[in-house]
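Q: got a structure for you, letters missing:
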């Protein structure tokens, strides 16, 4: 029998107390549950006298979404803590430190990042993050290269893959990103004014072929250990620091899926500028900043990944420049296709983004939603024809101009 | 501690005796070890008085190849017996029946197929197998479809994949098929007269790109549960019956790898007709028979796989005809590319085929080897441009004509 049970605040404090080297010997600890209660309990445990703190995160055995509750494997807590440890080793400083993990209790004790903001909110608040492109491309290049057949012993990779089989959380992605938005599914959720746009998605054969191809890659292409859910709500940020959190969707999948997630969320915010920018000129500047960030991420990812390959490549057969060029071109195409799929689902699917949903005026919101849908559809349809990040920039620019 | 130890003949008899429903209660059992001793012990246990028999196959913890010995996981015996059970369920009558498996002892007790011939020898002996194309395409279509994301619950597939992680045996393929033949590796083995041909392989950038792409698919594309080593030495045959054996290389990989293995071995035999055919006219007829079989296998596989998809497809997103056509075109391309890689390695790599190696006259053998190499290289270079099985037929025909 498992000892698993949801933690109480006193228990969270007791666990926190047992972690060596964090708190001072004297001084009371206080705990505050700060999770959204849908998937996990998140206890912020602090010691007011010393100013020290940490996070105790525990998975719940179910997911609550729009009032429904469905069972969800607790194994995702093990996957999350193991992924964090691997990411910490491969991309030091870019994920929270893990102090302790208890797989039976489905909990991870980790660094408190309260000094950071969730990036989605940071962007909504108008923040700019000049180091972000460098940080996230470093995170992507290093975690993905060193868990791929290019940068990791290929037999050890197969064994590692076996400990990141993640059916429950992959199923969420398979349904909500690669299926439901393209049919009249019960889970879909969209503003009434978007019904016509949604119906167009449900009847677009060209789009359906491309989505089926992207879905196939998600199901079968075990390229590297992905974060698996790398949107701007999974990133803690300050102008100086970037921390990627919540890798509970981690599994071995197509590299472009992680890169595309970052692109998609920057482009959703790009679309949301219909509202958040105070005037036309600041809107233009903000959009330039966001597209510049997307371009910098790709350029820097491409450079770093190729440099790692040249220096640390483990596979003789993968050495030729022609193969590397072909591989990087396909990574860009996949990134663009997955970015498109991740934008579309945030407009008509189950889970939306605050950048757009919080736009109060329905007409302005509709305009932002249609810009996001136009970019998403175009990225999906053009992914296999793309050979440069310029194509993505052009698609976004022209969608914003209408 | 494991109880594993190599079986003696008396132990093999004891195990055979314990299988219910095979032997008559009276009547002595006799055992004969018939394995080649390189990888496995194979005991043929029979009861002369009743004419009943069975096979006890046990994996050895090492592989002996060209005098060298290297350790090899006993887990491959578990993989083999589990793959046989799955194949028996999906393709009834096309694999030996498994009576018993003991993972700790790395042994499988199974149906005796002594009434059949190893297909490679059957072909060398001039046999024709009119039912083979139908049988093998049925085996391929059913085992591959029903273990893919098209025909199997996609979450159960992920879990099943976890029990077929097979690093040791995949490594053999990765090295011997997708690496060593394309560089001056110690393991390579070829007749002196082929040195020039081998050096051409080592310096062909176009070929290296295509081999790298095929290797990437082998490493990352977890489409379905493959047999993994489906050459004509892994097939027991009579004119009426086909039995696929030895799935110890089974893992989740690209579907075209299994289909390509069958094509490659029929085409190696096609090349070997320089010797085995008694005259020009019987050589032509034999070659027509072999190419006709290749064509029938693809046509019948294509029909059966599509019919299964239409009737038993589990994935709504995979329904559109345009996607099915695209998928089948890519399967053909992969099959052709992998077929080419499997031909090349049998001429210059570590392990050869008797069809060609047993040709006594060096000049005739060289001619057969060069036909095989020409077909192999051309299949590899043309795989991504292929849209019809006719292309493979044309390539083989024109290589044979010189």
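A: Alright, I've got the coordinates. On a predicted model such as this, the values are computed, not experimentally measured, just so you know.
Q: quick check: residues of the stretch 251-400 of chain A near chain B?
A: A:315, A:316, A:317, A:318, A:320, A:322, A:323, A:326, A:327 (CB under 8 Å from any CB of the partner chain). All C-beta spots, glycine's among them, are computed from the backbone N, C-alpha and C.
Q: just the buried ones from those?
A: Those of those that meet the buried threshold are A:315, A:317, A:318, A:323, A:327, by 16 or more other CB atoms under 10 Å in any protein chain shown.
Q: the residues you listed in helices, which ones?
A: A:323, A:327 (DSSP state H).
Q: need the buried ones among the residues of the stretch 251-400 of chain A next to chain B in TSV with pLDDT, can you?
A: Formatted as TSV, these follow (pLDDT from 0 to 100):
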residue	pLDDT
A:315	98
A:317	98
A:318	98
A:323	98
A:327	98
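Q: which residues does the residue of the stretch 251-400 of chain A found nearest chain B contact?
A: Residue of the stretch 251-400 of chain A nearest chain B, by CB to the nearest CB: residue A:323 (4.3 Å). Counting by CB atoms under 8 Å, 6 or more residues apart in numbering or on different chains, residue A:323 makes contact with A:317, B:208, B:209, B:212, B:213.
Q: show me what contacts the fourth one?
A: Think residue B:212. If you count contacts by CB under 8 Å, 6+ apart, residue B:212 has them with A:317, A:318, A:320, A:323.
Q: what about it, which SS state?
A: Following DSSP: H, G, I helix; E, B strand; the rest coil, the label given to residue B:212 is helix.
Q: relative to residue A:309, how far out is it?
A: 12 Å (CB to CB, to the nearest Å).
Q: check which helices and strands the longest helix seen in chain A sits against.
A: Assignment by DSSP H gives helix A:280-312 as the longest helix of chain A. Secondary-structure packing of helix A:280-312 (3 or more CB pairs under 8 Å, 6 or more residues apart in numbering or on different chains; DSSP states H and E): helix A:132-145, helix A:255-276, helix A:321-348, helix A:389-401.
Q: domain map for chain A?
A: Residue ranges for the domains of chain A, per automatic domain parsing: A:9-111, A:117-401.
Q: now do the last one: distance from first to last residue.
A: Taking CA to CA, to the nearest Å, the span from the opening residue of domain A:117-401 to its closing residue is 31 Å.
Q: now do stretch A:381-389
A: Using CA to CA, one end of stretch A:381-389 lies 15 Å from the other.
Q: what of stretch A:382-392?
A: Stretch A:382-392 has an end-to-end distance of 9 Å (CA to CA).
Q: buried stuff in it?
A: For stretch A:382-392, burial by neighbour count (16+ other CB under 10 Å) applies to A:382, A:383, A:386, A:389, A:391, A:392.
Q: what about residue A:133, how many residues close to it?
A: Residue A:133: 22 surrounding residues under other CB atoms under 10 Å in any protein chain shown.
Q: separation between the residue positioned nearest the centre of chain A and chain B?
A: Computing the C-alpha centroid of chain A and ranking residues by CA atoms, centre = their mean puts residue A:230 first, at 1.0 Å. Residue A:230 sits 20 Å away from chain B, going by CB to the nearest CB, to the nearest Å.
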